[in-house]
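Trainee: I'll drop the sequence and a predicted model, then ask my questions.
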Amino acid sequence: MIKKIIHKTPLSKTLQQIRGKMDALKLVDNRTSIQGKKTVISISPYKTGTTFLARCYSPVVSLHEPMHYLSLKEVQKNFDAFVIQRQNTLNLKLECSGFWSAYIDELHDHPLADEFQYVCILRPPSSWIRSVVNHWVKIKKDMRYDYINELFWKQKVGVDLHQIPNLEGEAQNEQVKILEDFYFDYTNKTRKLDNVDYVWLSQIEEYLPVLNQKIDEVGDPGKSWKRGRSYKVFTYENEALDAEYEKLTSAFHMAIPK
């Protein structure tokens, strides 16, 4: 409750900076190889069911957005070294963090790329864009300093999710087009990676037995939760774009066939 209050004040940024420094103190030494568990990494962006997936398992097995502020700050500075250091510190079987979607090239080029396994959760772009914009409208109300919008959406993707609902006409269309391009670009790039399980968001519960076998754990969807419906301030529909995405992904080998 106290944290929620602080997040609505100018101290919100200070709180995140303190959390980042505390997480940095947990990092293990700079080894050059993965020492612990071989983590399955969810590489799909925010608002693709990653919270639900992560919380089907115990926190010692799986986490959603761990060391998030620190990761967004540091991963772009020295990707290869930080990823190993972070993986060894977390020592998870499954990690679901939306920022990986903007680092597919770096994952592919990483010296230890062959050791990683991935899950990519797909959803139609119209649905994803509506969801991600409306979700960040809510975050703006709850947090004075939205570090994900600042460090990921604005700096890495090139959009300000807080402003999209306030824009009109061509100005809004330009921002939405950036989201469209990012979504298709990340999806295309995932084909560079080996060991990717593709699954549609609508089939995420059906995918759990496959993931259970992969990480040798038993996930319980009853332990997790799905976000309820909330007031939507932004609407978006593009049937042609959804059809184009369906065509693109039709060539993918799905973990659970439609």
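Mentor: Alright, I've got the coordinates.
Trainee: Would you mind measuring from the closest residue to Leu248 other than its chain neighbours to Ser44?
Mentor: Once flanking residues are discounted, Leu248 sits nearest to Thr187: 6.5 Å by C-beta to C-beta, 6 or more residues apart in numbering. (C-beta placed from N, C-alpha, C; glycine too.) Distance from Thr187 to Ser44, counting by C-beta to C-beta, to the nearest Å: 9 Å.
Trainee: Show me the common contact partners of these two, please.
Mentor: Here Thr187 and Ser44 have 120, 122 as joint contacts, going by C-beta atoms under 8 Å, 6 or more residues apart in numbering.
Trainee: higher neighbour count, these two?
Mentor: A count of neighbours by other C-beta atoms under 10 Å puts Ser44 above the other of Thr187 and Ser44, at 27 against 21.
Trainee: The more buried one falls within a helix, correct?
Mentor: No. Counting by DSSP: H, G, I helix; E, B strand; the rest coil, Ser44 is not part of a helix but coil.
Trainee: What are the neighbouring residues in contact with it?
Mentor: 50, 98, 101, 119-122, 186.
Trainee: Which members of those residues occur in helices, if any?
Mentor: Among those, the ones falling in helices (DSSP state H) are 50, 186.
Trainee: Tyr147: which of the contacts of Ser44 is nearest?
Mentor: Gly98 (12.9 Å; C-beta to C-beta).
Trainee: Quick check: closest non-adjacent residue to the closest one.
Mentor: Nearest to Gly98 is Tyr46, by C-beta to C-beta, 6+ apart, at 3.4 Å.
Trainee: burial of that neighbour, as a residue count?
Mentor: If we define neighbours as other C-beta under 10 Å, then Tyr46 has 21 of them.
Trainee: Give me the pLDDT value at it.
Mentor: Confidence at Tyr46, expressed as pLDDT, is 97.
Trainee: cool, and Phe116?
Mentor: According to the model, Phe116 scores 89 on pLDDT.
Trainee: Then the one 5 residues further on?
Mentor: Here, the pLDDT recorded for Ile121 equals 98.
Trainee: And Lys141, by the same measure?
Mentor: 81.
Trainee: now do Gln16
Mentor: 91.
Trainee: Show me the shaky parts of this protein.
Mentor: 1-8, 224-231 (pLDDT under 70).
Trainee: try 80
Mentor: Scanning the chain for pLDDT under 80 picks out the ranges 1-11, 29, 142-144, 223-232, 258.
Trainee: mind listing the helices in it by residue range?
Mentor: Under DSSP H, the chain gives helices at 2-7, 12-26, 50-54, 68-74, 79-90, 104-109, 125-142, 147-148, 169-189, 204-215, 239-249.
Trainee: Please identify the buried residues of the longest one?
Mentor: Judged by neighbour count using 16 or more other C-beta atoms under 10 Å, the buried positions of helix 169-189 are 172, 175-176, 179-180, 182-183, 186-187, 189.
Trainee: Run through the neighbouring helices and strands of that helix.
Mentor: For helix 169-189, the packing partners by 3 or more C-beta pairs under 8 Å, 6 or more residues apart in numbering; DSSP states H and E come out as helix 104-109, helix 125-142, helix 239-249.
Trainee: and Gln35, how many neighbours?
Mentor: There are 11 residues near Gln35, going by other C-beta under 10 Å.
Trainee: Relative to Gln117, how far out is it?
Mentor: Gln35 is 17 Å from Gln117, by C-beta to C-beta.
Trainee: again with Gln163
Mentor: 37 Å.
Trainee: The nearest residue to Asn195 once chain neighbours are set aside pairs with what?
Mentor: Of all residues not flanking Asn195 in the chain, Gln117 sits nearest, at 4.4 Å (C-beta to C-beta, 6+ apart). Counting by DSSP bridges, Gln117 is bridged to Val40.
Trainee: what's near enough to touch Gln117?
Mentor: 38-41, 195-197, 214.
Trainee: you'd agree Phe52 is up against Leu208?
Mentor: No. When contacts are counted by C-beta atoms under 8 Å, Phe52 is not listed as touching Leu208 (10.1 Å).
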